[in-house]
Every structure is written in C-alpha cells, then in structure tokens.
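S.K.: Could you look at this predicted model? Sequence included:
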Amino acid sequence: MARCAARLIIAAACCFAQARSEPRAVLAMEGGGFRAFASDTGIVAGLLAAYGQEHGSSKPSLAASRLLQRFDAFSSVSGSSWFSSQLLFSKQFLSLVEDIAALPATAAAQFEKSWTSQWLLATGVTQPKFDGLRTVVRLLVKRLLGTADEDTIYLAQYFLATGLTWDN
C-alpha cells in the first residue's frame, strides 16, 4: 500500500512540475498479478456503480460517466497492466465491468463466468482439475510457508494444474 501511495505521489509531483496552468491527475495502479487484476476490476466497477446510483442509471457506462477521462495519465504494472489492456482493447471485458456495476450483488459470479472460467479454459485447466488441487496446495503451502494469502494459493493451484509452467 505504501509503495502504491509513493508511486502516486511521485507521478503527481512529476505532472505538477511541468509548466502547466492547470493541475493534472494521474491514476497509478500497482501490480500483484491476478489479485491486482481482480481488485482493479472491482474498484472501477464499484466506482461506476456509485456513479450509476448517484445519477439514477441502472446500467452505467464508463463512456457516459467519464470516470477515467478525469485522469491525464495512467501508470500500471503487472496485474494492473492486464486490467488496463483488457479495459482498453476488449469490448467484452468492458461489458463485464459495466455489467458488474449494474448488478454489484452478483459481481463474483459474473467475474467467474465471464473471465476466470474463460481464462482457465483457454489455458487448458478444467474446473474439477483446478478445484481438486486446492486441498493439496493448502497442505503444501502450510508445510512450506506456514500460511499464505488466497492469491498465493490460487497461483499455486494454477501452476500445478498447468504442469508448473507459464507457457499454457
């Protein structure tokens, strides 16, 4: 969290240092792999949902809200770069974010159906194979690390399901 705040401050300072008559705004998103990707999706969808509630829209859109146009520059790394590129270049992903904003109570199910399960399928990992590794991974992580967050467990499951490679 401190790293993200430091990057945001540095990015903002660089923008203000330029000879400009008006202040500039920078959105800096930190890395963290799948967790950052999923978090960014939830944060943007949540802000969009709040916009929709405030403006009486049951189906808010990023274009109509101009939410991201408030920023002059974006900075991202790792999972946040995955998020940024999906948001910029995939109409299907943009629709997912807007659908989550329209129905936040079903966000997890929508994300699972439209993104996570599609990603696992594209990499040849079936849900039973992936879920079947959860117990083994939890035991391994407990033995090796003592404890771990869900992101570590998720990635360990993925690596085991794909044969310990990023190539799939």
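M.R.: That came through, no problem. Everything numeric in this text was worked out from a predicted model, so none of it was measured. Numbering: from 1, shown residues only.

S.K.: For the chain, name the helix or strand with the lowest mean pLDDT.
M.R.: Ranking every helix and strand in the chain by mean pLDDT, DSSP states H and E puts helix 2-17 at the bottom, with a mean of 48.

S.K.: Can you list the helices and strands that the lengthiest helix in the chain packs against?
M.R.: Longest helix in the chain, counting residues (DSSP state H): helix 33-54. With contacts defined as 3 or more CB pairs under 8 Å, 6 or more residues apart in numbering; DSSP states H and E, the packing partners of helix 33-54 are helix 62-65, helix 79-89, helix 91-102, helix 107-111, helix 150-161. The way it works is simple: take the backbone N, C-alpha and C, and place the C-beta from them, glycine included.

S.K.: what's in contact with the second one?
M.R.: To tie it back to what came earlier, the one meant is helix 79-89. Residues lying outside helix 79-89 but in contact with it, judged by CB atoms under 8 Å, 6 or more residues apart in numbering, are 29-41, 44, 62, 74, 76, 93-94, 97.

S.K.: switch to 10 Å and redo it
M.R.: The contact list for helix 79-89, computed with CB atoms under 10 Å, 6 or more residues apart in numbering, reads 4, 27-41, 43-44, 62, 68, 74-77, 92-94, 96-97, 115, 151.

S.K.: dump the residue contacts of Gly163.
M.R.: Gly124.

S.K.: Provide the backbone phi and psi angles at Leu67.
M.R.: Listed backbone geometry of Leu67 is phi -50, psi -50, with angles given as degrees, to the nearest 10.

S.K.: ditto for the one 5 residues further on
M.R.: Backbone torsions of Asp72, given as degrees, to the nearest 10, read phi -90, psi -20.

S.K.: Could you measure from the nearest residue to Ser61 once chain neighbours are set aside over to Ala107?
M.R.: Taking CB to CB, 6 or more residues apart in numbering as the measure, Ser61 lies nearest to Glu98, with 5.5 Å between them; neighbours along the chain are not counted. For Glu98, the distance to Ala107 equals 12 Å [CB to CB, to the nearest Å].
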